[in-house]
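[1] This is the structure alone, sequence omitted:
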Ligand SMILES: Cc1ncc(COP(=O)(O)O)c(C=O)c1O
C-alpha cells in the first residue's frame, strides 16, 4: 500500500520561487489561523526560554496549566508537536495491519495518511455537496455499529466544509463505535465556533479522544503545539510512541503564556467573526456558493479551483487553498483574515472571475 505525503496546499517556497514571489509579499488565506498572530505575552515569554537546556519531556507545567484551564486531570492530557503528531501517535497506538478504520470525509488528509502508515485502508463516510456537506449521522452510526472500526476520525468543525456536528450527533457516533473502538474528535478549529458545545464530558465515555491545536487560535503555527484529551490509558499508549523531547522548550513556554492571555484569542475570534460575515455577504453577492461556515474558514465554489488559486497568486499575490486534494476541484477554502485583507480578497476575486 503506498503512503504518499498528505497534501496541505499552503504557501510553498519552491512554487513561490518559480513564480518570482517572496513569501512576505503574499497574503496567506490558505491557512486558517488567528489573524492577530501570536500575543505579545507569548512573544515576551520566548525571550526567557533557555535554548541550551533540554525541554521537559513530560510537559508537566503546560499539562498542569491545561488541566486547570479545562478541568481535566493531567493524566488525561498528552501534549504533541502540533496535533498532527497526536493523530499519528493515536494511529500507531491503536491500529494494526488489516484493522478497520473510518473517516468522515471529505476532511483533513493526515487521518488517512496516519492510517495508511499502519497499513490500514480507512473507509470514508462521505458527505454530499447536495446535502450542503452534512453527513447522514443516523446512517453513519449504523455503518459504524455494523463494521466496528478500531478507530474513527471526525473533524469538528470539519476542515474544509465547516460542518459542525452537535453533541447528540457525536454521542451517537461514540455509541456506535462501541467500547473496543476509539472515536477521535479533532477540534482543531472549535475555538472559532460561535456556539460551541463543550466536548470534554465525552471523555467519561472511555472511547473518545479529543484533539486540540494551539497553532490556530493562539497562532503557534510555526512553533508547533497541540494536545490530546483522552482516557489515561490511551494517553499512556500513545506516549510510548512519542519521541522524547518532541515538544520543544519554546513551544511549551509559548503554550503556557498563551493560556495566560485569553483576551488575545478572544480578540482574534471577534476579528474573524466580523470578517467572516463580510466575506459571506460579498462572496454571495459575487454569485458564489459558500457552504454555511462555522469556524474561521469558508468553502467556496468557484468552478476551476486550481485556475482561480493560480490567478489570485500571480495577479494579486494572494494564496487560497485549492480543494482538489479534498476531492473538491471546484472549490477553494479561504482562511478568514482581518477586514482589510478580506476587502482586498473580494476585489481580487471580482477581477479574477470577471
Ligand atoms: C483539522 C485539522 N487538524 C489538525 C491540523 C494540524 O494542526 P497542527 O498545526 O496542530 O498540527 C490541521 C491543520 O491544518 C487541521 O486542519
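    Good, I have the coordinates. All values reported here derive from a predicted model rather than from experimental measurement. Numbering: from 1, shown residues only.

[2] Please make it C-alpha for all contacts and neighbour counts, starting now.
    Noted.

[3] Next up, the contacts around residue 341.
    Residues in contact with residue 341, defined by C-alpha atoms under 8 Å, 6 or more residues apart in numbering, are residue 27.

[4] Helix, strand, or coil at it?
    helix (DSSP: H, G, I helix; E, B strand; the rest coil).

[5] ok, now residue 234?
    Applying three-state DSSP: residue 234 is helix.

[6] Can you report how many residues neighbour it?
    24 (other C-alpha atoms under 10 Å).

[7] swap in the one 5 residues further on?
    Number of residues near residue 239 (other C-alpha under 10 Å) recorded here: 19.

[8] Ok, residue 178 next?
    Residue 178: 18 neighbours (other C-alpha under 10 Å).

[9] Show the backbone phi and psi for it.
    Dihedral angles of residue 178 (phi, psi; degrees, to the nearest 10) stand at phi 80, psi 170.

[10] now the strands: where do they sit in the stretch 251-354 of the chain?
    Using DSSP state E, counting those that start in this stretch, the strands of the stretch 251-354 of the chain run over residues 289-290, 297-301, 318-319, 321-322, 331-335.

[11] Contact partners for the closest residue to the ligand within the stretch 201-350 of the chain?
    Using C-alpha to the nearest ligand atom, the closest approach of the stretch 201-350 of the chain to the ligand is made by residue 213 at 4.1 Å. Residue 213 is in contact with 82, 83, 187, 188, 189, 225, 226, 227, counting by C-alpha under 8 Å, 6+ apart.

[12] if I read this right, the last one contacts residue 85, doesn't it?
    Just to be clear, that refers to residue 227. No - with contact defined as C-alpha atoms under 8 Å, residue 227 and residue 85 do not form a contacting pair (9.3 Å).

[13] More neighbours: those two, which one.
    A direct count of neighbours by other C-alpha under 10 Å for residue 227 and residue 85 places residue 227 higher, at 23 against 20.

[14] For beta bridges, what are the partners of the residue of the stretch 201-350 of the chain closest to the ligand?
    Counting by DSSP bridges, residue 213 forms beta bridges with residue 226.

[15] What does the pLDDT read for it?
    Listed pLDDT for residue 213 reads 97.

[16] give me the low-pLDDT residue ranges for the stretch 51-200 of the chain?
    129 (pLDDT under 70).

[17] Alongside the ligand, which residues does it contribute?
    Contact residues, the stretch 51-200 of the chain versus the ligand (C-alpha under 6 Å from any ligand atom): 82, 83, 84, 108, 155, 159, 186, 188.

[18] thinking again about what came up before, tell me the most packed of the contacts of residue 213, by neighbour count.
    Top of these by neighbour count (other C-alpha under 10 Å): residue 225, with 28 neighbours.

[19] I'd like to check the angle between the longest helix belonging to the chain and strand 331-335, please.
    Taking DSSP state H as the criterion, the chain has its longest helix at helix 262-285. Using axes from the mean of the first three to the mean of the last three C-alpha atoms, to 10 degrees, the direction of helix 262-285 lies 150 degrees away from that of strand 331-335.

[20] ok, and what's touching helix 262-285?
    Residues beyond helix 262-285 that count as contacts (C-alpha under 8 Å, 6+ apart) turn out to be 34-36, 39, 192, 217-218, 289-290, 296-297, 336-339, 342, 346.

[21] orientation of that helix relative to strand 297-301 in degrees?
    Going by the same axes, to 10 degrees, helix 262-285 makes 10 degrees with strand 297-301.

[22] For helix 262-285, list every residue counted as buried.
    In terms of neighbour count (16 or more other C-alpha atoms under 10 Å), helix 262-285 has its buried residues at 264-266, 268-269, 271-273, 275-276, 279-280, 282-283.

[23] For that helix, what is the distance to the chain centroid?
    18 Å (C-alpha atoms, centre = their mean, to the nearest Å).

[24] Looking at that helix now, give me its mean pLDDT.
    Across helix 262-285, pLDDT averages out at 97.

[25] What is the most widely separated pair among the buried residues of helix 262-285?
    264 and 283 (27.9 Å; C-alpha to C-alpha).
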